[in-house]
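J.: Provided below are the primary sequence and the corresponding predicted coordinates.
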Amino acid sequence: MGDNRSVKVPPEIADPEPAAITDPAALLEHAWALEPWGRYGERAAVLDALAQLLEHGVPPAPPGRDWQLELAAERSIDDGRQFRLDPAISQAERVLGAAPPTARIALGRAQLSLGQALAWVGTDDATRRAHQAFADAARIFAALGRRDWQGSALLRRGYSACYQYGDLIGAEELIREALATYEPGSERLPGALASYADVLIDLGRLDEADAALDRAAAIAEDDGFEKARVDIHWARARVAAGRGDARTTERVLLEAERESGGMDWFDTHIGLSYLLEAAELLDRVGLHDQARRYLERGRKRAGDADEEVMQAAAVLEARTGDPELALEQLQRLVRGVWLEKRVVWRQTLLTAWATFRAGRSGAGGLAARALQQAAACGGIQVAAAGEPVITAALAPIAERAGSAEARELMLAGRQLLVRLFGAPAVFTADGTALGLPAGMPGKLVRLLALHEHGLPVELVLETFFPEASPAAGRQRLRQVLKRLRAAAGDVVLRDEDTLRLVPAWVDAREFLIAANAVRGLQAPRAVVLAYGALALHSGPLLPSDPYDAWAEDTRQQVSYRHLWLLDLVATDAARRGSHQEAVTALEAALEQDPNDAERRVALSDELQALGRHRAATFQAANARATA
């Protein structure tokens, strides 16, 4: 968009200088009109002019108005916007304590300010009080007939007291009510629609979010709402990141920043949030260098000790950086006092991810808890939409730790979950273990589990009954199927001349698919997907069938890819100087292939870098012995 576009300016902004206005009511209307446009500097000047006017004396306010209390309520709102929460709360409470019931504007605006500040405090008690304050504000504004103010109270309650607190369902309902409350041509509608899109994005409802943003963009373009255009671009970047579209994510973020040039809000905590969220979004879609640049800009503005900066840095480190450092950073955040409850699940998930990458125990339990937290926010799709790659990668180990949410994600409507790594096991969709009969029935299920589309009956007969006549083989197969059906139900289906399992998630098949997806990719995305594949490999393949020829081809494929993935992870970790991460991967590879001298040399180098000189010398000696 060029600079020559025609921009609608609200009539109030074209008024004379605030100092030339001598009517308190006009100055307040002017301040209210500037608010949705993000003209906070001008608004502060208008309130300063009102304060000076009141110092020199003005005629008494009409019934139901109190200029001093209304000014104090507006100052409280501006304090909260600048994240000066204690002054905002104190001033709002003073207004509420001093205002008579008839001073409804002062009371409503003070309740609005109090609700916003308390919601940003974020504790359970503060959030409970924020809900009440917002509800009181909406009730007062409805009685005044101020639909835009009423809509804003509903919007802020939905966004700050529900969405940021982790209640996405409540947020969606309240913001939808706010959208229906605003006047049709309200200048607040585009920003409210962008906020609604934020909630829909977190719920994984990206198409609906796009529709809301299209509606917002049409209003903003027609009426010149500059601040709203930035909000819309910002939300569109989140949609693009949710779809994994790196190019659009970067382009829209740049458009948002260009639109924000010269706007007062960009110098507030909201501008800092923009920079840091941009870093997280770009990192999520693989634009890691660009992400680091946004993070550094946020650091320069707020410093390393700022908790928002710490959170963004920890996110980037946990996803693709040094997992040990990430765990330290994430632990510091846990000890802090500020973390939006809507992102607590992600904090836990990233802790699980860093724990898994560091080779520590407990990653499965952490991942299970993260998915449970996400589900409590609005459904398991919250995790699938918010961190799709890491959620998918950790779901198998979360399920092994007992997560019903992980099982739901993995099955995606399928009937069985089959594990062939480690002790073979079969589970129904509700997590019930199926006790398969020993011998041929269980072996048949394991064989078919390796072949998604099943196998011809003739091939099954050749595999299991090679020396039997066709008639005898078929009779014996019928007996196997009868025993299996009696013990486990109809888990094997016969389609004419083909036998197959009912739709099933099978860890070995998923491992090969995930490993193949890494081919042709570059770090760090390749490494993230490699870890996702490694999370599926929970032990030796089919240890119950160690000598069966029907499993040999798959066993060789799995072995080759497992070593290749571990080598990829180790090489990348060594390049980044993440030495313990490299050690963990190399040790796992040597456990599978203990006679590889090159890996032992690499392990010796990494141990040396960690200062573990005796262990490094031992590995170097082993390398020479096996060379």
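T.: Done, it's in. Numbers count the residues shown, from 1 in each chain.
J.: elements contacting the host helix or strand of Val309?
T.: Assessed by DSSP states H and E, Val309 sits inside helix 307-320. Counting contacts by 3 or more Cβ pairs under 8 Å, 6 or more residues apart in numbering; DSSP states H and E, helix 307-320 is packed against helix 269-284, helix 288-302, helix 323-335, helix 344-357, helix 525-534. Using the backbone N, CA and C atoms, a C-beta is placed for each residue, glycine as well.
J.: For Leu477, give me its contacts.
T.: Taking Cβ atoms under 8 Å, 6 or more residues apart in numbering as the criterion, Leu477 is in contact with 457, 460-461, 464-465.
J.: isn't there a strand covering it?
T.: No. Checked against DSSP: H, G, I helix; E, B strand; the rest coil, Leu477 lies outside a strand; its state is helix.
J.: pLDDT value on it, please?
T.: pLDDT recorded at Leu477 is 94.
J.: in stretch 416-433, what counts as buried?
T.: Buried residues in stretch 416-433, counted by 16 or more other Cβ atoms under 10 Å: 416-422, 424-428.
J.: And stretch 437-444, by the same measure?
T.: 437, 440-444.
J.: Between the residues you listed, which sits nearest Gly158?
T.: Proximity of these to Gly158 was ranked by Cβ to Cβ; the top entry is Gly442 with 52.9 Å.
J.: hang on, that closest one in a helix?
T.: Yes. Assessed by three-state DSSP, Gly442 belongs to a helix.
J.: Surely it is in contact with Pro424?
T.: Yes. Judged on Cβ atoms under 8 Å, Gly442 makes contact with Pro424 at a distance of 7.4 Å.
J.: Which neighbouring elements make contact with the longest helix along the chain?
T.: Counting residues, the longest helix found in the chain (DSSP state H) is helix 552-576. When contacts are defined as 3+ Cβ pairs under 8 Å, 6+ apart, helix 552-576 packs onto helix 507-518, helix 525-534, helix 579-592, helix 597-609.
J.: what's it in contact with?
T.: Counting by Cβ under 8 Å, 6+ apart, 321-322, 450, 508, 511-512, 515-516, 518, 523-524, 526-527, 530-531, 533-534, 537, 541-542, 579, 581-582, 585-586, 588-589, 592-593, 599, 602, 605-606 sit against helix 552-576.
J.: quick one: buried residues of it?
T.: For helix 552-576, a neighbour-count test (16+ other Cβ under 10 Å) marks 554-555, 557-558, 561-574, 576 as buried.
J.: which of the contacts of helix 552-576 are buried?
T.: Buried by 16+ other Cβ under 10 Å: 321-322, 450, 508, 511-512, 515, 518, 523-524, 526-527, 530-531, 533-534, 537, 541-542, 579, 581-582, 585-586, 588-589, 599, 602, 605-606, out of the contacts of helix 552-576.
J.: Can I get the helices and strands packed on helix 307-320 in JSON lines including mean pLDDT and distance to Gly364?
T.: Formatted as JSON lines, the helices and strands packed on helix 307-320 follow (pLDDT from 0 to 100; distance: least, Cβ to Cβ, whole Å):
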{"stretch": "helix 269-284", "mean pLDDT": "91", "distance to Gly364": "23"}
{"stretch": "helix 288-302", "mean pLDDT": "94", "distance to Gly364": "27"}
{"stretch": "helix 323-335", "mean pLDDT": "88", "distance to Gly364": "16"}
{"stretch": "helix 344-357", "mean pLDDT": "95", "distance to Gly364": "8"}
{"stretch": "helix 525-534", "mean pLDDT": "94", "distance to Gly364": "13"}
